[in-house]
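**Student:** I would like to see how this sequence folds:
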Amino acid sequence: MTGGVIIAAPSSGSGKTLLTLGLARAFVRRGLQVQCFKSGPDYIDPAFHRAATGRASFNLESWAMGKAMVASLLGKAKGADIVIAEGAMGLHDGVALKGEWGRGSSADLAVHLDWPVVLVLDAGGQAQTAGAVALGLMMYRPGLRLAGVVLNKVASPRHERLLRAGVEAAGIRVLGALPRVAALALPERHLGLVQAEELPELEAMLEEAARIMAAHVDLDAVLAAASPLPVGGVLKITPPGQRIALARDEAFSFIYPHLLDGWRAAGAEVVTFSPLADEAPPEADVCWLPGGYPELHGGRLASAERFMAGLQGFKGRVHGECGGYMVLGEGLIDKAGLRHRMAGLLGLVTSFEKRKMHLGYRLATLQAPMPGQGAGARLRGHEFHYSTIVAQPDAALAQVVDAEGAEVAETGSYRGRVSGSYFHLIAEAS
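**Tutor:** Numbers count the residues shown, from 1 in each chain. Model (predicted):
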């Protein structure tokens, strides 16, 4: 029976992604089928998971998704020998509402699925204290199970002995101890890791990570710790149209895999095109511009005449999310202060010159239709960007609040057949 574990840590930057990818590839090298998931709203990590396993990875969300959707996505693990879900941020980091245990956190998902946590600890600058950290993380929330700890960035054999002594004194199993390996650090940019398709050396890194895991982690113990999956269901997601022209390249890649899978499962046809290659959107009911990094390619997009003309003359509905929303506007100001002409389908002007982080869950109630959803629909999503709105003269697309119910200024906007928002759609609200 397929079993699952969740890879989590006290904080970001502890080594979750490295451990997830290394374990996944190490098990693949053993001849096992490995299914990865990502806890939380992340668009980048699933592509790394797919590179490590050869299987599509999907997001699992305890805030934005209902239990039925989570169960249906677990059905993607059919045929797998083990499931590895990579956590987000710190183990207990989620929505901070009084009386709740951090909805949306990795711990919340672990308790809901009754999966054990493999805790990776950045051991730099500590020794026996690692045991206290692991014990506190395990005991903080009732019902949380800890399979064991993998110690990361271990400096020496003596350092490892001290760390093991502290963790084992807390009654917690040490599953492995990873040495410092600077060569395996994955490059990052302002929204997270550099995308998997941008790293020609990724395959070699995955193989090296697998070798290190096989040498320093008890793979059999990880396999034995995995708990059975809940029964799956049927994934039901409303597509935005019957035929969808989807922008897809290095500037437009932030779309959740479960949405694409759900659109296709509902019978929709998804046809991709590349704005960076100056391709016009193909004929379709809907043109969908997902998020990504248009701020890194402002000049190139502005000079993509076939793309811009095709977008402006597109006969169906047009919708943009985050970066895609920015491209639908009048202008995009890059970090150097240069303004680039965008499609002008909306009056939006955005700036990346003075970075300000906008981050968090979003609950949107549509005040006007968007592709696949009518006015009044309630949508759950997530917002993560550093750009700022300079001008937004069009009507608001939605009333938007965060996970705590506070109103959010970034409402999205619409003009005729064109709409856009800063939030990335995850699921329809129940």
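
**Student:** Check whether the residue located most distally from the centre of the chain sits in a helix, strand or coil.
**Tutor:** Here the centre of the chain is the reference, and by C-alpha atoms, centre = their mean the most remote residue is Arg158, at 37.1 Å. Three states are possible here, and by DSSP: H, G, I helix; E, B strand; the rest coil the one that applies to Arg158 is helix.

**Student:** wait, what's in contact with it?
**Tutor:** Counting by C-beta atoms under 8 Å, 6 or more residues apart in numbering, Arg158 touches no other residue. In this view, the C-beta of every residue, glycine as well, is placed from N, C-alpha and C.

**Student:** repeat for Gly262
**Tutor:** Contacts of Gly262 (C-beta under 8 Å, 6+ apart): 235-237, 239.

**Student:** run the last query once more with 7 Å
**Tutor:** 235, 237 (C-beta atoms under 7 Å, 6 or more residues apart in numbering).

**Student:** In three-state terms, label it for me.
**Tutor:** Per three-state DSSP, Gly262 ends up helix.

**Student:** Poorly predicted segments of the stretch 201-350 of the chain, please.
**Tutor:** Applying pLDDT under 70 to the stretch 201-350 of the chain picks out residues 231-232.

**Student:** All the strands of it, residue numbers only.
**Tutor:** Ranges of strands within the stretch 201-350 of the chain are 227-228, 243-247, 269-273, 286-289, 317-321, 331-333, 339-341, 349-351, based on DSSP state E, counting those that start in this stretch.

**Student:** Please identify the pairing partners of the last one and their relative orientation?
**Tutor:** Spelled out, it's strand 349-351. With DSSP bridges as the test, strand 349-351 is paired with strand 331-333 (parallel), strand 388-391 (antiparallel).

**Student:** Out of those strands, flag the one nearest Pro228.
**Tutor:** With C-beta to C-beta as the measure, strand 388-391 is the member of the strands paired with strand 349-351 nearest Pro228 (46.8 Å).

**Student:** Which positions in that closest one come out as buried?
**Tutor:** Buried residues in strand 388-391, counted by 16 or more other C-beta atoms under 10 Å: 388-390.

**Student:** Can you add distance to Arg173 and give those residues back as TSV?
**Tutor:** Formatted as TSV, those follow (distance: C-beta to C-beta, whole Å):
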residue	distance to Arg173
Thr388	47
Ile389	50
Val390	54
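
**Student:** Relative to Lys356, which of those is nearest.
**Tutor:** When these are compared for distance to Lys356 (C-beta to C-beta), Thr388 wins out at 5.6 Å.

**Student:** where exactly do the helices run in the stretch 251-400 of the chain?
**Tutor:** 257-265, 298-302, 305-312, 323-328 (DSSP state H, counting those that start in this stretch).
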